[in-house]
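Asks: Sequence and predicted model, in that order:
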Amino acid sequence: MMKRRNALSKAAALALAAVLATVALAGCGASGQAGDKAAAGAGAAGGAQAADPAGSGDTRGLPLTKEEQEALDAGLIALDGSLPIIRDPDAFESKYGRITAIINNPAERVIPVGDLAMCRRWFEDTGVAFDWQAVPNEGYTEKLNLMLASGEGLPDVFWSFGDGKSGNTVVQYADQDVFLPTEALINNDMPHLRKILDDHPVYWSEITAPNGHTYGFPYIEEMYGLVLTGGPWMINKMWLDKVGRDIPTTLDEWVDCMRAFRDAGDLNGNGIADETPIATQFKVKGDTFGSYNLFYRITGAFGCADSICDGNAYANHLRMVDGAVAFTAKDEAFRKTAEFFHMLYGEGLLWDGSFEADDSALYRNSLLRQPIALAGSFGTWSDQDIQDVAVHDEYVALPRLQGPGGMTGFENNYSELQDSSDTCISATCRFPHVVARFVDYLVGDPALSIQSNWGAEGYVYEKDETGVLRTPVDPDGHFKPMKEGADFENFGKSRANSTTARGSMIVLDGYYEVYAGYAFDAVQLLEGQKTNGKEAIMAEYDSIPKVLMTTDEIARLAQIQPTISDIVERYINTWITGGVTDDNWNAYLSALEGAGVNELVGIYQTAIDRSSR
């Protein structure tokens, strides 16, 4: 019988209150300097011990199930790390059936999952043929929720739960015997995965649940920190040349350039006064990795960087400062940034649509889709947001700008370990060791893991003369399809129709130019980030570690954090259009206190302290 989900317990609430009584709300401090990143990394490494019994000399493994022992004795499976794992697939399937796996099926996929090129290769290498239960993307989350709530019809394996959702899902059901803990499998039966985790101790802490267990196996996609800072902040170089300005290096110089754009008239040459100096969006939801909202990029220039990241929205406005969690949107630098944007607004430098809430009206979906340049400077996630090739080539990335109290840019509260618990094994699975050995096979061969993640050779990759996998591109740098037909006309479709993607694949920085070239569509994105100061930003700031929360903590965050973020966004709009006064600044601080900002900080501090023990 399934145990029912627990409500927020009184004991948990009392314990949380005790913690909050001792946690002070941190700020950036007078200097605005970041804390010691090396010290933070050392603390995070300690999190490995909770899920690493072997690290303490414990070599106990997960006992074989009755069916595994039976199949092993019959010679149907091998669990010693050799291939194939299932030695006689026909006999195995005849006796036990296939291992079932539920998977999110994107709209672009028209080929049955089992017939994908990588699935065929996996079967050839391992003898493992999953019974794929493919669910359309549109209804996937709803189906999973119904399945988990009822406890009926559970598959042996949950291939994924949706981007970034696995951690909260497994924690929610951790006390209901739905998912099998996997730390014993990792430590004793998965040497390739364990080595990767031991070499990257912070990843141990990010996959370890508050109860000390791990569930499923991680999905890691390292790309030189691509998702850890916003995309390129751009400026129109052709317009700079026309107004006689160099590329700015300070915030004051940038403002001077924007004023020159405003005063120059018809910079795009279409005979209409339709140019805007600055395009931004003040809407936070949907802002991929904090790329489009210039307000937050500029906070650091006034002494204390604030941050947003829609991929980890509960941690918006938080940062580690001197080893403690800080709510940085209360710092005086935040007020100065608001005053700065009020000046930009008053001088007519901001695009009129910057306050739009409708996605279709945001500048990336309007201004940047035109066949003529309309904006002087803006942030992007990818330079490919600028859809016209000729217009695209007018823009260059800005360097990191010096302001009166610091420099622009912030580090996202995110991780390149993008899911903690993919390929999650149900507690009712009869062959957990087979699944574990299969995942270890996936992560043990870098070239295989790369193709399993991004697409198969012959579909999205070909080998160069040195044997390195490369994505074929045409003379303009666009993807050159390797298969005929509409189902393979672009990179996304070729990927979706050659591999499952987003299971427990692992791609590490060290694989690039050894096994495969860097992702072709992210090369310019990364270069733009580097010009914006990516390396210096990541060295300077300590982001909030992406740790797993308890069910009670998640429930409480869901209650208070959206209200807190709404207060911040609402006051930003008020300040930009109407100005900052002592009265409305103090009203803002009081509203945050009333919404539970101290409790928010306390919840994160408790979770981070717990993961570091």
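Replies: All right, it came through fine. These figures come from a predicted structure and were not determined experimentally.
Asks: which outside residues touch stretch 249-260?
Replies: Residues outside stretch 249-260 that contact it (C-beta atoms under 8 Å, 6 or more residues apart in numbering): 235, 240, 243-246, 248, 277-278, 298, 301, 344, 347, 349, 376-377, 398-399, 401-404, 408. Using the backbone N, CA and C atoms, a C-beta is placed for each residue, glycine as well.
Asks: For it, buried residues please.
Replies: Thr250, Leu251, Trp254, Val255, Cys257, Met258, Arg259, Ala260 (16 or more other C-beta atoms under 10 Å).
Asks: What is the nearest of the residues you listed to Ser612?
Replies: The closest of these to Ser612 turns out to be Leu251 (C-beta to C-beta; 36.1 Å).
Asks: gap between that closest one and Ala536?
Replies: 16 Å (C-beta to C-beta, to the nearest Å).
Asks: Same question for Gln524.
Replies: Taking C-beta to C-beta, one finds Gln524 at 20 Å from Ala536.
Asks: likewise Thr249?
Replies: 14 Å.
Asks: do Lys493 as well
Replies: According to C-beta to C-beta, Lys493 stands 38 Å off from Ala536.
Asks: Repeat that for Arg319.
Replies: On the measure of C-beta to C-beta, Arg319 and Ala536 end up 16 Å apart.
Asks: and what of Leu116?
Replies: To Ala536, Leu116 is 41 Å away according to C-beta to C-beta.
Asks: Please apply the same query to Val113.
Replies: Distance from Val113 to Ala536, by C-beta to C-beta: 43 Å.
Asks: any idea how far stretch 428-442 is from the chain center?
Replies: Averaged C-alpha coordinates place stretch 428-442 at 26 Å from its chain's average position (C-alpha atoms, centre = their mean, to the nearest Å).
Asks: Please read the previous query as pertaining to stretch 326-346.
Replies: Offset of stretch 326-346 from its chain centre (C-alpha atoms, centre = their mean): 26 Å.
Asks: for stretch 399-416, same thing?
Replies: Relative to the mean C-alpha coordinate of its chain, stretch 399-416 is positioned 18 Å out (C-alpha atoms, centre = their mean).
Asks: Would you mind listing the buried residues in it?
Replies: Neighbour counts over stretch 399-416 (16+ other C-beta under 10 Å) mark 399-403, 405-416 as buried.
Asks: So which of those sit within helices?
Replies: Per DSSP state H, helices hold no members of those.
Asks: If you count neighbours, what's buried in stretch 258-267?
Replies: Neighbour-count burial for stretch 258-267 [16+ other C-beta under 10 Å]: Met258, Arg259, Ala260, Phe261, Arg262, Leu267.
Asks: Now do that stretch, average pLDDT.
Replies: Stretch 258-267 shows a mean pLDDT of 96.
Asks: Strands - which of the contacts of stretch 249-260 land there?
Replies: The members of the contacts of stretch 249-260 that map onto strands under DSSP state E are Ile235, Pro277, Ile278, Gly376, Ser377.
Asks: Which positions in the helix ranked longest in the chain come out as buried?
Replies: Among the segments of the chain that qualify as a helix by DSSP H, the longest is helix 551-578. If you call a residue buried by 16+ other C-beta under 10 Å, then helix 551-578 has these buried ones: 551-554, 556-557, 560-561, 564-565, 567-569, 571-572, 574-576.
Asks: Show the pLDDT at the residue of the chain positioned farthest from its centre.
Replies: Computed with C-alpha atoms, centre = their mean, the maximum C-alpha offset from the centroid of the chain is found at Ala74, amounting to 43.9 Å. The per-residue pLDDT reported for Ala74 equals 97.
Asks: Over to Gly164?
Replies: On the pLDDT scale, Gly164 is placed at 78.
Asks: Show me the helices in the stretch 351-500 of the chain, by range?
Replies: Along the stretch 351-500 of the chain, the stretches classed as helices by DSSP state H, counting those that start in this stretch are 389-392, 432-444, 446-454, 491-496.
Asks: In JSON lines, list those along with distance to Leu368 and mean neighbour count.
Replies: Shown next, in JSON lines, are these (distance: least, C-beta to C-beta, whole Å; neighbours: other C-beta atoms under 10 Å):
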{"stretch": "helix 389-392", "distance to Leu368": "8", "mean neighbour count": "14"}
{"stretch": "helix 432-444", "distance to Leu368": "38", "mean neighbour count": "24"}
{"stretch": "helix 446-454", "distance to Leu368": "26", "mean neighbour count": "22"}
{"stretch": "helix 491-496", "distance to Leu368": "20", "mean neighbour count": "22"}
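Asks: I appreciate the help and will end here.
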